[in-house]
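1. Let me see the structure of the following:
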Amino acid sequence: MTLTDPCALSHMLSLQEALKIILQHTPRPVHSESVALIDSLGRTLACDYHAPFDVPKASNSAMDGYAFAAQDVSPDAPLICVGESLAGHPFKGSVGPNQCVLITTGAHLPDGCDTVQMREKIKREDEKVFVSDAITPGQFVRPRGGELTEGERVLTKGDTLCAASIALLASFGIGEVKVTRRPRVAVLSTGDEIIEPGQAAQPASQFDANRPALLAMLAALHCEIIDAGIVADDPDQLEQTLLNLAADTDLIISSGGVSVGKADYTTEVLAKIGEVGFWKVAIKPGKPFAFGHINNTLYCGLPGNPVSSLVTFEQLVQPIIRQLQGQPLRTQVATLATLTKATEKTPGRLDFQRGIADWNSQRQRLEVTPLERQNSAMLTSLVQANCYLVLSQQQGAQAAGEQVQIAWLTAPLKY
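-> Presented below is the predicted three-dimensional model:
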């Protein structure tokens, strides 16, 4: 794989330019596997699925009541009940003129019947059944093939399996499903100051918040994960770690060491053992983001500030995961909201400010309040927020009362 955009290294790319390069160099899956249906939640279908039979297989009742031919109903003449059709125990034979059967919800509609009346609107005396209310021919009947016809496509290659689609496949008697192979992703943090949560803290140490969050997000995206731990600010150690991981992964994600500080070696090491596609994106937070590859393994270097790390994962890494799984690119849905107070912004970068959006007291308009603290080191801004204010690259400060685009925070970043 060769990255072919020479200008990508010389200036900040827009988010759209960065995504274009990323997706051009991210392969689609070529391998699939069969897994038990009950273990397939969140996996990606590797083929289309079609209805193996009509749904319903036979016309059946949508109500507990009585089944009959609509043309036989007369308010003055009763129908004679000649039996019953129960779910799992259909009526045997045909129902003749001026006859009916007791029927339960889901039970097959016997031959000779085309209509059902609910039990509450029926008067019965021994075997005589009186249908006094007006009826509509075909009412309360689920016709054969009314939902699906045999051979109709119900799920498409690239769909993500959810509880509803699993239930649908189960209703067809399918016990195993063909899905794409899970991407194998390695995650590491860099920095001499970074220590594991739970360790004894030193005055200059900092607990690793990025890696636990990234591991959680990858787990929610159903990746096969390698936790590569923490690597010190040592270019030789980082080089060996990346080479070892590249031998058996589809994607390596690191956080920290991608800026221009004295101990920021990540981009330098990547250029030595692989190729750097770009390392600056015109977004805030998240400007120092590196993308490239080591042999056939993709590499993403995320910023060290925790909010920047999570925002760049969501905006730039998650599309890689989706494409590696064979899923379509998901466009972030934005909507308009009215600012309750002014925002601060300098033109030049696409800004993902954290905010809280809700309907006003009259529920007449959607309003958004940007959080006071927008520092990319402050995780509280993501915990408290329920949306981003998506402020375009050219925008400056916005006054209270103006409308801005917002995008809701969604899984796996926030539930």
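2. going forward, measure contacts between C-alpha atoms and count neighbours the same way
-> Fine.
3. quick one: contacts for Ala204?
-> By C-alpha atoms under 8 Å, 6 or more residues apart in numbering, the contact set of Ala204 is Glu193.
4. How confident was the prediction at it?
-> What the model reports as pLDDT for Ala204 is 84.
5. Helices of the stretch 251-400 of the chain, start to end?
-> 266-273, 306-312, 318-325, 380-384 (DSSP state H, counting those that start in this stretch).
6. mind giving me TSV with the ones you listed and columns for distance to His108 and mean neighbour count?
-> TSV is the format used below for the helices of the stretch 251-400 of the chain (distance: least, C-alpha to C-alpha, whole Å; neighbours: other C-alpha atoms under 10 Å):
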stretch	distance to His108	mean neighbour count
helix 266-273	66	18
helix 306-312	54	25
helix 318-325	42	22
helix 380-384	53	16
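7. For those helices, please prepare CSV with the additional fields distance to Met63 and mean pLDDT.
-> Below are the helices of the stretch 251-400 of the chain laid out as CSV (distance: least, C-alpha to C-alpha, whole Å; pLDDT from 0 to 100):
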stretch, distance to Met63, mean pLDDT
helix 266-273, 66, 92
helix 306-312, 51, 96
helix 318-325, 43, 97
helix 380-384, 48, 94
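8. These: which one's closest to Gln117?
-> Ranking those by their distance to Gln117 (criterion: C-alpha to C-alpha) puts helix 318-325 first, at 49.4 Å.
9. returning to that earlier point: select, out of the helices of the stretch 251-400 of the chain, the one closest to Val179.
-> helix 318-325 (9.0 Å).
10. Going by neighbour count, which residues of stretch 229-244 are buried?
-> Gly229, Ile230, Val231, Asp233, Pro235, Leu238, Glu239, Leu242, Leu243 (16 or more other C-alpha atoms under 10 Å).
11. quick one: low-confidence parts of the chain?
-> Residue ranges of the chain with pLDDT under 70: 1-10, 259-264.
12. try it again with 80
-> 1-11, 201, 257-264, 331-333, 363, 415 (pLDDT under 80).
13. Quick check: longest strand in it by residues?
-> When the chain is parsed with DSSP state E, its longest strand is strand 350-359.
14. Show me what counts as buried in it.
-> Leu350, Asp351, Phe352, Gln353, Arg354, Gly355, Ile356, Ala357.
15. Kindly report the same for stretch 137-155.
-> Gly138, Gln139, Phe140, Val141, Arg142, Pro143, Arg144, Leu148, Thr149, Leu155.
16. what does stretch 158-166 give?
-> For stretch 158-166, by 16+ other C-alpha under 10 Å, it's Gly158, Asp159, Thr160, Leu161, Ile166.
17. starting at the chain centroid, how far to that stretch?
-> How far stretch 158-166 lies from its chain's middle: 10 Å, per C-alpha atoms, centre = their mean, to the nearest Å.
18. can you list contacts of it?
-> Residues from elsewhere that reach stretch 158-166 (C-alpha under 8 Å, 6+ apart): 37-38, 40-47, 155, 325-328.
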